Every structure is written in structure tokens, then in C-alpha cells.
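Asks: just coords:
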Ligand code: GAL
């Protein structure tokens, strides 16, 4: 298993490198990622390449048996390059240029930047072709969101021309007859940047909208799609250069829940997904379920295991520091990632830097280069993984339930969230948490995924829909799968127009319901709901439903539609479709999901009441062995009640009835033979 660190030899005197390499080796580190921000050192002048220092660093590391993941350095372009063409800097929605001084200061669509990128990547790939220490490549670093410069405008027009074929078709799909937005030619197309009716003030106090802009929804959605394609194209440019010289695996480090790019598409050209996980930094603390969900999504991006490319290993932040990870937490985070599908573990960063905006971003060693508690903990994990890697590499999460995340839908919801307090991300998170509290493992993935292995598929608020998607869902349910749909499903076409079909549009047959009307709940108004899950409260949205085949599972208990169905179930072929017509408070949502899981015969890895604060993940190793990973996210002892017999994979001890976990403790329990 790759067990490594992100290392910046260019930040330290050469005399130090050998000490670092030795300390790494002693901590069982076997891989380092290098060079992803070192463009100015690798090409100090236009066309003048210097790989000698990096060669020496690699030699020093490989003398200790450490292998290399090489990053292409394009996320941090040198000043000499940016001075050549100031129009390569990114431009924001308000037309303001984002200048030099940090990183990611470029536009993926700028032809000159693309050529310079191609050249440095080609030079690097050629120089390191067949290098015995290099194991993999990382493209750029954490691709980000959209830009609004002239190069984007030109590329967007070309992208639209390819997509729609004729300007009339585009006008029809976007509905540009509205407010005289008709375009006569591709050259008239605009970017969805600041426009006359846009204003932050229009959002209303406390609104949750993340975009203040009021552009045509078709234009907005297509721009997001375009930007993913443009980024994937820039990434492909780099992949093509590497592939001229190397067949090694190529990755890019994604950012978990980050949703500006469609990660399913971005990852199509990658061999392996990797991602960067900082659960506890100056900007916030992620709940264990949110981190678990991010891991599950990262696994779902390619429906394959992934690598951690940056796993937090110290207190971190830019202007201030987040909490110091407590004893045991680094190990807990490591095993949480492994349990959810990581099969490579690279920590950020080896040593806290003495300069730059990340001088507070601590890693394994402190500023003084001394390894203390965190170093010892990492070394301990390294030792354990030498024994356990066979359980994690190639292992599967044999989940029977999928939660569908759609970036297209997310973008549509973000531009027009139906109700000002609605958030697609928050609703998905609520469904995930409800399953997590019942210890039910989920695959978080896209609707392109083969649904046949699943018993239950949840696709909340899937408002953009195509005939193909509806047909896929119908086939899945007809064959015996069960589907969860919710309010605002099937309300739009794939290009973000409202459908003229009666809601829930293309899902009507499946759901066995039709909307009579709906009610967006505002300014603190709530509606009580009661049914199979007990009582709950809607606070954002209520569909008023007419049953056309479905049966009610819950009714509204207030407002003018009291007594009408809020949640329904419909038999369709061999399967069932649940339609959840309203949002619910967390407790009710959890009970509703509990009811659905029970109906579908889906049990958690351990019973929900087995232990509070402990996450249990059920896995199957590459050799077929079944095991449980128990993760105590609390800093208090925990006892987990178990059914069945297990063997502790580390101590070899037999475990029956219960497992005792220390604060932040982890246990990996192999199912004992014959159970
Ligand atoms: C990541 C990034 C790293 C480092 C780290 C700490 O997002 O990839 O290069 O900056 O955050 O801020």
C-alpha cells in the first residue's frame, strides 16, 4: 500500500533531505508526492529547464527505498510567464482580474497558458520517462471553479456551437425569446457574468443562495457544464503529454464535496481518483458522517477505490490554526478513509513550512524539523498497515444502497433553489446521515452508474431528467429495485427548462402520484406531517399530491391540505417507488429512512443502538474475507455490542458479544470462520 507524505524539498536546504528521507523511512513512509507547485524552480526562465535539483531529491529519497508521485506544476505559474500575457489571469463574475501572489492564477482556456503547460509537462514527462523511482503522476492540483475571461467566452461559444449545432436550437432550448435575449449568431453569446438585474441585495436577508445572478437558467447550467469540459480538456492535454512517455497511473487530487466541477466527467480520463481531506481546520470541522460521505463519493466517482493524496496530519489553517488533532485522531481518520475505499494514504505535509501563507499548516514534523507525537502516531500507523494492507487494497464496500448525486441537478438547484432555504447538498447530507445513523453503508455515485447491484436507490430532488434516465429508473424498479424520489423531482428538462408535463414529469408513472399543487414554506411557517415514521415537520416544501396508484405512508396534519398524502409508496413491476413530497426534520427523516430500509430488508453493519458515536463499516477484502471496521469518533471509551464472532485483525484476539474501543479507537474485526 502507498503510505506517504507530501514533500517540498525545494523549501529546505539540500543537507536536510537525507535526514528527512531517513526519518520517513523510519516511519514506514514508502512514497512521496513532489513538485506540484515547483514550476519556477523547474523552468526558472522561459524555455530553460532545471531538473537537476529534483533529480537529486528523488535520488536521496529513493536511496531509502521511497518511491515518487510526480505532480505537474501547472497550479502555480511563475511570474515570468504571467508577465508575458496578463490576460491569462482568471477573471471573476464581476470582471475583476485575480492577480499574482497565490496560486491557481490562470485560466484553463487560455491558448498561451495551455501551450506553456504542454511544454513543461512534456519536458518533465520526457525527463522522468522510465525513471525507476517514479510510481505515478498527479495532474495540476485541485482544479477549481469557473472563470469569466475572453478566452472562456471564445471557448464557450465553440462548445455551444458543437452542442446545439444551430443558433436557433440554442435559442429554443434556452428560451431566449424571454426578455429579448435572442442570439442571432454564436458571436453574440455572452458569459453568465454580472448583468443588469443582478445584485446581492435581491437575495433577501439570510438567503442561502450561493449565486446572486439572474441569468437564463439554460445559460447558467451550460456554463457550468462547459467549465467541467474545459477543465477536463486541459487535464487531457497534460495526460496526453505524459502518455507520450509513460504508462504509469495518472491521478488528480479532488476535493470531496466540492461541486463546481462534475467530478464524474473530470475523472473519466484518470486512472485513479485521489482526494484531499482536512476534517478539522481553521474554517470548520466536518462531522464524521460528512467525511464518510465525501469518501463514499470519491469512491463513487469511478466506482473504484481511491487514494488519499492529502490527509490532514496536524493543526492547520492559513491565517489561524484549527484544533490540534488529539491523540488517536490521525489514526482514526486514516482508518475511516481506508474503510471507505482508500488504498493509498499520503499525508499533508511532511514538515510545517517556515514561510508562505501555509506556514501555519502543520504536518507531521513541526517547524523545527523534529518529529513528536504526530510523527510517532504516523509511524505506528505505518507499522500496522504493513500487516493490514492486504485487507484494504482491492477491498470492496458491498453496499446494497446507492445515493445518487448529480452535479447537473446541483447546479440547477443552486441557481434556482425553489425555496430560499433549500439546499441540494444539505438534503443529500440529511439522507446520508440518516443511513449512517443506522450504520447502513451507501455508495454515493452518479445516475450513469449501473443500478443493478442495488436493492435501494435514493435520488432526492432529481429535478433535471431525460427520457433515458426515467427509462433506466423504470427498468431498475421493474426488476425489483426500490427507488426513493422526492418533491421537485422531474420538474425540468435536462437543459433546465420547466417541463410541461404534470409533475413529477417523467417520474409520474413510477411514482404513481400527480401534483395538484405545491406549497413553498417561507418566513418560519411549518407544516406537521404524520405517518409510518411517527410525526415530523416540513419547513421548506410540501407537494399536494393526488394518488394515481400509490398508497399513502404519511399525511399532512396541518394547513389547507391537511389529511392529504405527504409520503407515498407505489408498486411498479417487481419493485417499489417511495415518493417523499416534503422536506422533513432530521429526526423524522431518519425514522422514515429507517422504515424504508426495513421494508427493503437492508440492515446496517451493526444494529443502530449497538453504540453511539461509533461508525461501523462492513467490507469484503480482495481475498473474500469479510470484516468490520469500527471507528470511535468520540474522545470517550465505547463498547460496541456485536452479533457473531470476530477476530481482531491486529491482536489476533477472539472477539464475541462486544468490542471495547478507546477514545478515537479503531478496531478491524475479521468475521470468524463458520459464522
Ligand atoms: C490543499 C492543497 C495543498 C495545500 C493544502 C493546505 O487544498 O492541495 O496544496 O494548500 O490544501 O491548504
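Replies: Alright, I've got the coordinates. None of these values were measured; they are calculated from a predicted model.
Asks: the residue in the stretch 201-350 of the chain positioned nearest to the ligand: which element?
Replies: Proximity of the stretch 201-350 of the chain to the ligand (C-beta to the nearest ligand atom) peaks at residue 276, 5.0 Å away. All C-beta spots, glycine's among them, are computed from the backbone N, C-alpha and C. Assessed by DSSP states H and E, residue 276 sits inside strand 272-277.
Asks: give me the residue from the stretch 351-500 of the chain nearest the ligand.
Replies: Taking C-beta to the nearest ligand atom as the measure, the stretch 351-500 of the chain has residue 361 as its residue closest to the ligand, at 4.9 Å.
Asks: where in the stretch 301-450 of the chain is pLDDT low?
Replies: For the stretch 301-450 of the chain, no stretch has pLDDT under 70.
Asks: spell out which parts of it neighbour the ligand.
Replies: Contacts of the stretch 301-450 of the chain with the ligand, taken as C-beta under 6 Å from any ligand atom, map to 310, 348, 358, 361.
Asks: for the residues you listed, pick the one with the most neighbours.
Replies: Neighbour tally across these (other C-beta atoms under 10 Å): the maximum, 25 neighbours, falls on residue 348.
Asks: beta partners of that one?
Replies: residue 312 (DSSP bridges).
Asks: I'd guessed it sits against residue 310; true?
Replies: Yes: Residue 348 lies in contact with residue 310 (C-beta atoms under 8 Å); the separation is 3.6 Å.
Asks: stretch 288-302: which residues count as buried?
Replies: Residues 288-302 are the ones in stretch 288-302 that count as buried (16 or more other C-beta atoms under 10 Å).
Asks: and stretch 515-534, by the same measure?
Replies: Buried residues in stretch 515-534, defined by neighbour count with 16+ other C-beta under 10 Å: 515, 518-519, 521, 527, 529, 531-533.
Asks: check stretch 14-21 too.
Replies: For stretch 14-21, burial by neighbour count (16+ other C-beta under 10 Å) applies to 17, 20-21.
Asks: again with stretch 268-280
Replies: 269-270, 272-280.
Asks: do the same with stretch 86-97
Replies: Quick answer for stretch 86-97 (16+ other C-beta under 10 Å): 88-91, 93.
Asks: and if you look at stretch 594-603?
Replies: Across stretch 594-603, burial judged by 16+ other C-beta under 10 Å covers 594-597, 600, 602.
Asks: out of those, list just those in helices.
Replies: 594-597 (DSSP state H).
Asks: could you redo the residues you listed as a markdown table and give each row pLDDT and distance to the ligand?
Replies: Below are these laid out as a markdown table (pLDDT from 0 to 100; distance: C-beta to the nearest ligand atom, whole Å):
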| residue | pLDDT | distance to the ligand |
| --- | --- | --- |
| 594 | 97 | 36 |
| 595 | 98 | 40 |
| 596 | 98 | 37 |
| 597 | 98 | 35 |
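Asks: state the helix or strand in which the residue lying closest to residue 558 once chain neighbours are set aside lies.
Replies: Distances taken as C-beta to C-beta, 6 or more residues apart in numbering place residue 528 nearest to residue 558, at 4.6 Å, with adjacent residues excluded. According to DSSP H and E, residue 528 maps onto strand 527-531.
Asks: give me the sheet partners of that strand and which way each runs.
Replies: With DSSP bridges as the test, strand 527-531 is paired with strand 534-538 (antiparallel), strand 551-556 (antiparallel).
Asks: residues making contact with the first one?
Replies: It stands for strand 534-538. With contact meaning C-beta atoms under 8 Å, 6 or more residues apart in numbering, strand 534-538 is reached by 521, 526-530, 554, 556-557, 566, 582-585, 587-589, 591-592.
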